[in-house]
Each structure stands twice: as C-alpha cells, then as structure tokens.
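Chemist: Here is a sequence together with a model predicted from it:
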Amino acid sequence: MQREPARAGDAATPHPTIELGELLHQYQLGLVLIAGTDETTASRPVQWVHVSELEDPTPFLTPRTVLLTTGARFDVVQEQRDADAYVQGLVEAGVTALGVAIGLHWDRVPAPIVAACDRFGLPLFRVPYDTAFIEIVQTAARLIDAQTRDRDIWAIDSQRAVTAASLHRDGLGSAVREAAARLNKWVGVTDRSGRLVEFAPQDARSQVRAEWIQRETRHLISRGLSAGRIGGEAAEGGLQMQTLGRQGQVLGVLVVEDRGVPDNAERTLLGLVGALATVQLEHRSGMDAAQASLRGAILHLLVAEQFALAERLSEGALIRIPSGAVAAVRYRGPIEPDPSFAEDLYSLDAGSPGLIGALYADAPLIVTETRHLPAVKRLLVAHRLPAGISERGTLSGVIGLSELVGQADRALEAALGSDSEVPVEYRPELHGGVLRLLAAQPEAGARAAALLAPVRHHDERHDDRIEESLTTWLAHHGQTSPAASELGIHRHTLKARVQTAASLLQLDLDSPDARAELWAALRVLASREVV
C-alpha cells in the first residue's frame with residue numbers, strides 16, 4: 001500500500017489506495033503505458049478511477065485519481081499549448097494517471113497529449129477498444145477492497161502481537177520493538193525531559209537526532225498540549241510526535257519515523273502503543289508514598305553509615321546506591337505544587353543509576369554521583385529553584401555523607417541570601433575559617449585576580465572553559481576521571497585543559513603549595529562574585 005504526504009485539502013486520515021503498477025498489471029484489461037513514466041510511476045497511489053469527457057474535468061477530481069477519457073473533446077487541444085494546459089491542470093489537481101481509449105474518436109492518442117504528459121511527468125496509458133471503462137473501475141474497486149481487507153487483517157495481527165509483547169518482563173521495550181518491526185519504521189518513547197527511554201530498532205539509532213527530539217519534546221510540553229495531540233511541525237524533522245499521558249498531564253512523547261500520513265491500520269497500532277506507553281510512563285513516574293518512603297529510609301541509613309542495611313533495602317526497591325565520588329544537593333522546592341518539576345525530577349531519579357532523591361530532615365535532598373551533577377544543575381536552573389551543592393566526597397570517606405549534607409545546607413542558605421539564579425557550590429568560607437579571613441582582606445581579591453588573569457583572559461579571548469575545568473579538577477583533588485565525568489568531557493580533554501592552565505599560570509600543578517594557592521585564589525574570587 002502506497003501513501004503520500006497529505007496535500008492541502010486532503011483528509012487527515014488517507015483513504016485506502018493501491019499502486020498504479022498493480023492496476024496496469026491486470027493483463028485482462030490490456031492497458032499499455034506509453035508516456036510520462038519515471039522510476040516512481042509504478043508506485044504512484046491510486047485512490048479511485050473516474051471517467052470524464054469534459055474539456056476541464058479538474059473541478060470534479062480528487063487527488064490520487066486515475067482519469068479515463070475517450071478523447072471526445074481532444075479536438076480543442078490540438079495545439080501544443082492547449083494540450084500542455086490540459087495536462088498541467090490534471091497534475092495540479094493531483095491526478096495519478098491519464099487513460100485514453102482508442103478506436104472510438106482516435107485511432108491513436110494525439111501527439112500533443114503524449115508530449116505534454118512526457119513534459120509534465122503524468123503517466124499516460126492507452127485503453128484498447130475492447131476494454132470497457134466500467135471494467136477498469138470495477139477492477140480498481142476490487143483491488144482497493146482487497147487492500148483494505150489485507151490492512152484490516154494486518155492491523156488485527158499487529159495489535160495482537162504488540163499486546164502479547166507488552167506482557168513480557170520488559171513490557172514497553174518489547175512492545176516498541178514489535179511495533180517497529182510491524183511498521184518497518186523506527187519507533188521511540190521519551191519521558192518528559194525528552195530522553196529516549198525506549199527505542200527500536202537499535203541499528204537505526206544513529207539516524208535519529210536525539211538532541212532535536214529532546215528539544216522538540218520540551219517545546220511540545222511547554223506549550224501545554226493535551227495528551228494525544230500530534231506536533232505537526234515535528235514532521236519537518238522526518239518524524240511524527242504524539243504526546244502521551246492523561247488530559248492536562250503530558251508524561252512523554254511517542255516518536256515515529258515519518259514516511260507520509262499513516263493509514264487507519266497504522267494509526268490504530270500507534271494508538272495501542274501510545275496507550276501502553278502511557279501506562280508504563282505513569283508507572284515510572286508514580287512517585288507514590290511507598291517509593292518516596294523507601295528512598296527516604298535509604299538516605300537516612302546512608303547518612304547514619306548503615307551501608308549494609310541500605311544496600312539490602314535498595315535491592316528490593318530497585319535503587320542503585322551512589323558510589324565513588326558523590327555530592328549532596330539541597331534545594332528549596334516550589335511554593336506551589338509543580339507537577340512538571342516532580343515529573344522531571346522523577347525522570348532524572350529513575351533514569352540515572354547512582355542518583356537518589358527524597359525528603360531528609362523535612363527538606364528535599366539529592367545524593368548523586370558527580371557525573372550526574374550537570375543534569376541536576378540544569379533541572380534546578382530550568383525550574384528556577386535555589387540550591388546548594390556540597391563538596392565532592394565519598395559515602396565512607398573522611399568527609400562522610402553527613403558532613404556533605406551539612407555543607408549543602410550551608411550552601412543553600414547562601415543561595416537564598418544572595419538570590420542566586422544558579423546553584424551555589426559549598427565553599428569553606430561559608431563556614432568561616434582561614435579562607436573567610438583571607439577573603440576579607442582588601443589585597444586578597446586583587447592578588448587572586450592577578451594570579452588568575454592569564455586564564456580568564458584566555459577563556460574570554462578563545463571562548464574556552466579552562467577556569468571551570470581547573471576548578472572542578474581541584475575540587476576532585478586532582479583526580480581526572482571523576483572531574484571529567486562531572487564536566488561531561490573526555491579525561492584526555494580535561495588533561496589538556498589542566499596542562500593549558502599550568503602553562504598560562506606558569507605553575508607546577510603537581511606541587512601542593514601551588515594547588516593550595518590556586519584553590520585559595522579561586523575561592524576568594526568566587527566569594528566576592530557571589531556577593
């Protein structure tokens with residue numbers, strides 16, 4: 001079955017069609033293609049066959065129609081310009097092909113008509129004298145009916161297969177894979193953040209612009225479209241997008257490769273996939289009291305350093321406890337309930353192993369591996385929520401989680417006091433101490449600015465990120481891998497930036513004295529810039 005993109009005035013759901021080649025290959029009709037052919041001729045869609053002897057039949061024609069005529073009025077198109085105007089009108093009306101009967105008014109199709117069909121690319125076939133037009137109309141109707149029955153059978157079989165696949169352990173993933181195989185298109189499902197949570201087939205993943213999908217998903221959700229609406233402009237990206245969820249609450253988007261307007265059979269199958277995806281997304285986003293209590297209990301155990309018990313509890317809750325370099329994040333939740341923030345936070349929590357968020361001491365707390373910090377920061381900035389972030393540490397290290405939570409609390413206080421639009425990183429001077437005293441000295445700022453001037457000048461001139469990379473690297477005590485993970489860059493890239501910083505500053509960054517002086521300068525300037 002051939003489908004084409006919708007034309008102006010077409011119905012949103014196309015009628016059943018057959019291919020022109022299928023009609024021409026009905027040898028009992030004796031149809032002979034004589035002009036206007038190209039590589040697409042055989043696959044052109046036919047929705048109906050119409051007979052007309054009018055000089056201008058276009059007002060009565062619908063797109064994807066085969067027009068039959070005996071040429072009774074061809075005496076008025078003997079001039080080439082008249083023949084061109086006649087054929088051009090048919091093309092503009094969306095006619096698929098022109099059939100001319102011979103033996104009644106013409107022994108052969110007039111040459112100007114043949115030339116015009118070749119010029120405008122309109123398939124032209126000859127109808128023999130012994131073939132009645134009604135035979136062609138009935139044959140086309142029979143083929144279209146058979147095609148409709150075949151599509152109905154395909155739709156039923158496909159729905160059964162997708163439903164059965166959804167009962168597997170990986171329900172949504174299995175359903176998406178089955179649907180993609182049946183449709184012979186790639187199919188994906190995103191969460192509210194635009195992240196593709198399911199996709200099939202995997203070998204088509206490289207064809208998909210994930211960043212474009214993420215941006216378009218957020219755009220659709222920000223517009224407040226009701227669940228079930230299709231973002232028509234998304235078709236420009238070679239795909240169709242349908243919002244998922246209940247009325248007034250969009251949970252994600254169904255993304256399907258765009259190969260023209262889907263017929264009823266495909267739309268029915270995609271509707272089933274959308275319903276299954278909605279159920280799964282609701283399940284994934286269901287931040288019910290039990291799950292929230294489990295995460296809160298795990299956080300309390302981690303702060304109390306009851307790691308073995310926390311591990312046992314997390315296994316039952318399917319939560320992976322953060323490991324390696326971690327940070328604590330405190331934030332001030334929105335005054336009014338914000339379903340979109342809750343959904344976005346849960347999408348981040350559920351989709352990012354090594355990140356756990358819950359209420360702790362009556363306030364929201366996120367404990368995350370440092371590689372997830374950029375995503376956490378983007379979420380907090382997007383929702384304009386004040387937040388504080390601790391230093392980097394480990395759950396069982398010298399600086400334990402309890403101290404990291406305290407640092408995050410102090411950083412949050414600073415964020416609330418300064419109306420900062422970005423999360424505030426904890427600095428020792430927030431607690432007082434040597435750095436706070438140093439920052440209070442008038443000369444400290446000038447000395448720090450002079451020390452860091454080469455790096456800042458370089459960043460400004462080359463639009464680079466040397467200072468940011470250096471700060472993160474020092475915050476991780478010179479450990480390249482976790483610092484690179486937090487920055488979202490390759491460790492070799494970070495090494496190159498650190499080497500660039502050493503060259504610009506003329507410092508040996510392996511020296512603890514040099515690191516201490518540089519860290520103090522960074523902290524002093526950071527404290528002054530926040531204020």
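Modeler: Arrived safely.
Chemist: ok, now which ones touch the residue nearest in space to the middle of the chain?
Modeler: A centroid search over the chain (C-alpha atoms, centre = their mean) returns Ile213, at 2.4 Å, as the residue closest to the centre. Counting by C-beta atoms under 8 Å, 6 or more residues apart in numbering, Ile213 makes contact with 188, 190, 194, 196, 237, 239, 241, 253, 255. All C-beta atoms are positioned from the backbone trio N, CA, C, and that covers glycine.
Chemist: next one: Ala161
Modeler: Contacts for Ala161 (C-beta under 8 Å, 6+ apart) come out as 178, 182.
Chemist: for Trp48, same thing?
Modeler: Contacts of Trp48 by C-beta under 8 Å, 6+ apart are 62, 64-66, 140, 144.
Chemist: which stretches of the stretch 151-300 of the chain form strands?
Modeler: 187-191, 196-200, 239-246, 249-257 (DSSP state E, counting those that start in this stretch).
Chemist: ah, wrong one, I meant the stretch 351-500 of the chain
Modeler: In the stretch 351-500 of the chain, the strands defined using DSSP E, counting those that start in this stretch lie at 355-360, 363-369, 387-389, 424-425.
Chemist: looking at the ones you listed, which is buried most?
Modeler: strand 387-389 (a mean of 26; mean count of other C-beta atoms under 10 Å).
Chemist: In its sheet, which strands sit next to that strand, and in what direction?
Modeler: strand 326-331 (antiparallel), strand 424-425 (parallel) (DSSP bridges).
Chemist: for those, which one ends up most surrounded?
Modeler: strand 326-331 (a mean of 26).
Chemist: can you dump the C-alpha coordinates of that one into PDB?
Modeler: Only the C-alpha atoms of strand 326-331 are listed here, as PDB (Å, rounded to 0.1, in the frame of the first residue of the first chain):
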ATOM      1  CA  VAL A 326      29.400  11.900  45.300                       C
ATOM      2  CA  ALA A 327      27.800  15.200  46.200                       C
ATOM      3  CA  ALA A 328      24.800  16.300  48.200                       C
ATOM      4  CA  VAL A 329      22.300  18.800  46.800                       C
ATOM      5  CA  ARG A 330      19.800  20.700  48.900                       C
ATOM      6  CA  TYR A 331      17.200  22.800  47.200                       C
END
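Chemist: by how many degrees do it and strand 355-360 diverge?
Modeler: 50 degrees (axes from the mean of the first three to the mean of the last three C-alpha atoms, to 10 degrees).
Chemist: quick one: strand 326-331 to strand 363-369, angle?
Modeler: Here the directions of strand 326-331 and strand 363-369 differ by 150 degrees (the same axes, to 10 degrees).
Chemist: which residues touch strand 326-331?
Modeler: For strand 326-331, the external contacting residues (C-beta under 8 Å, 6+ apart) are 363-370, 373, 376, 380, 385-395, 401, 404-405, 407-409, 411-412, 423.
Chemist: Recalculate using a threshold of 6 Å.
Modeler: 364, 366-367, 369-370, 376, 380, 385, 387-390, 392, 404-405, 408-409, 412 (C-beta atoms under 6 Å, 6 or more residues apart in numbering).
Chemist: how far does that strand sit from the chain's center?
Modeler: In terms of C-alpha atoms, centre = their mean, to the nearest Å, the centre of strand 326-331 is found 28 Å from the chain centre.
Chemist: now the strands of the stretch 351-500 of the chain as a markdown table including mean pLDDT and distance to Arg209?
Modeler: Compiled in a markdown table, the strands of the stretch 351-500 of the chain are given as follows (pLDDT from 0 to 100; distance: least, C-beta to C-beta, whole Å):
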| stretch | mean pLDDT | distance to Arg209 |
| --- | --- | --- |
| strand 355-360 | 86 | 26 |
| strand 363-369 | 90 | 28 |
| strand 387-389 | 92 | 31 |
| strand 424-425 | 88 | 33 |
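Chemist: what's the closest of these to Phe120?
Modeler: Checking the strands of the stretch 351-500 of the chain against Phe120 by C-beta to C-beta gives strand 355-360 as the closest, at 60.8 Å.
Chemist: in its sheet, what does that closest one sit against?
Modeler: strand 363-369 (antiparallel).
Chemist: Can I get the strand it pairs with in PDB, CA atoms only?
Modeler: Once non-C-alpha atoms are left out, strand 363-369 reads as follows in PDB (Å, rounded to 0.1, in the frame of the first residue of the first chain):
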ATOM      1  CA  ALA A 363      13.600  19.100  53.200                       C
ATOM      2  CA  PRO A 364      14.400  17.800  49.700                       C
ATOM      3  CA  LEU A 365      17.800  16.100  49.400                       C
ATOM      4  CA  ILE A 366      19.600  14.600  46.400                       C
ATOM      5  CA  VAL A 367      22.700  12.400  46.700                       C
ATOM      6  CA  THR A 368      24.300  11.800  43.400                       C
ATOM      7  CA  GLU A 369      27.400  10.600  41.700                       C
END
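Chemist: Run through who's touching it.
Modeler: Contacts of strand 363-369 (C-beta under 6 Å, 6+ apart): 322, 324, 326, 328-329, 331, 333, 354-357, 376.
Chemist: Can you pick out the most distant pair from those?
Modeler: For those, and using C-beta to C-beta, no pair is farther apart than Gly324 and Gly333, which are 27.5 Å apart.
Chemist: Please indicate which of the contacts of Ile213 has the highest neighbour count?
Modeler: Counting neighbours by other C-beta atoms under 10 Å, Val253 comes out on top of the contacts of Ile213 with 31 neighbours.
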